[in-house]
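>>> Below is the structure, and that's it, no one-letter string:
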């Protein structure tokens, strides 16, 4: 069993995580997509200025990239969850097998504000999914299961079938949306370079696109420019470091890929209406702070001059 998320390529396809203690807000980077289930405890997922609460019996989806997560044990018992990791290629291979072998025809008509542009979604598990994860938890107690790649693939195929054949919902929509990523790794490259000292031009090259086509496709996916999006992601990470660590302001600015402390403070003030130090003093708990329209406009103006 694992007690922390790890996104390395060598990680097994199916992992159970157990956390006996509350470890605060954790920044976790995923290089694969994940479908998970809460066996016990409470999970908070932070995105921007919002916090989503997941409890026992909830199934959830996590996209590739950085996630800010807080797990709480329950009544003296450890927090427990099971996660299935997959790549777009894994998903495409399994869906093709289900279509050829069982004639499973996939449709994905679902679209809602809750999941359209979000990197994570959750919902109460329906009966077949709940029974599936309880059964999987029993399998994970057997050490031989962890060494059996075929058994893992069978369980993954079963999970994909249960979701793909279910009525349209947010989890199904996010899962099937990952099929397109088998042909396009733009999002994975972008997320892996959020905190890199790299220009947007270089990111475009790594995606095998011209700068113009990269910016157009980026806007189609994220609804904003690469500069604005990167600044936003770095500020979100900085904000969570401010409330969850005692790191110095300068150290946080460097960790979040800002060129110098004064520039970091300037952008942070324009986004949140106060300096990082003031924000830390006021928001040591998981409180939410909504940027003002004036602050959002100021960030857009400043973003033009920033080399991400």
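Sure thing, it's come through. Not measured: the values here are computed from a predicted model. Numbering: from 1, shown residues only.
>>> What is the neighbour count of the residue lying closest to residue 157 once chain neighbours are set aside?
In this structure, residue 157 finds its nearest non-sequential neighbour in residue 94, 5.2 Å apart by Cβ to Cβ, 6 or more residues apart in numbering. All C-beta spots, glycine's among them, are computed from the backbone N, C-alpha and C. The number of residues packed near residue 94 is 19, by other Cβ atoms under 10 Å.
>>> can you check residue 27 too?
Neighbours of residue 27 (other Cβ under 10 Å): 16.
>>> Which strand residues bridge it?
Taking DSSP bridges, one obtains residue 68 as the residues bridged to residue 27.
>>> when you give positions from now on, start the count at 451
Taking 451 as the first residue, the last one we looked at is residue 477.
>>> quick one: secondary structure of the residue nearest to residue 607?
At residue 544 the chain is in helix, as set by DSSP: H, G, I helix; E, B strand; the rest coil.
>>> mind listing the strands for the chain?
Along the chain, counting by DSSP state E, strands occupy 464-469, 476-480, 483-490, 492-497, 500-505, 508-512, 515-522, 529-536, 570-574.
>>> okay, the residue nearest to residue 607: pLDDT?
Looking at residue 544, its pLDDT reads 89.
>>> Same check on the one 3 residues further on?
Note on residue 547: pLDDT of 81.
>>> For it, give its distance to residue 610.
With distances taken as Cβ to Cβ, to the nearest Å, residue 547 is found 9 Å from residue 610.
>>> Among these two, which residue is more densely surrounded?
Taking other Cβ under 10 Å, residue 547 and residue 610 do not tie; residue 610 has more neighbours (24 against 15).
>>> My read is that that one contacts residue 626, right?
No. Using Cβ atoms under 8 Å, residue 610 is not in contact with residue 626; the gap is 9.6 Å.
>>> before we move on, the earlier item: for the residue nearest to residue 607, what are its contacts?
Contacts for residue 544 (Cβ atoms under 8 Å, 6 or more residues apart in numbering) come out as 606-607, 610.
>>> Of those residues, which belong to helices?
606-607, 610 (DSSP state H).
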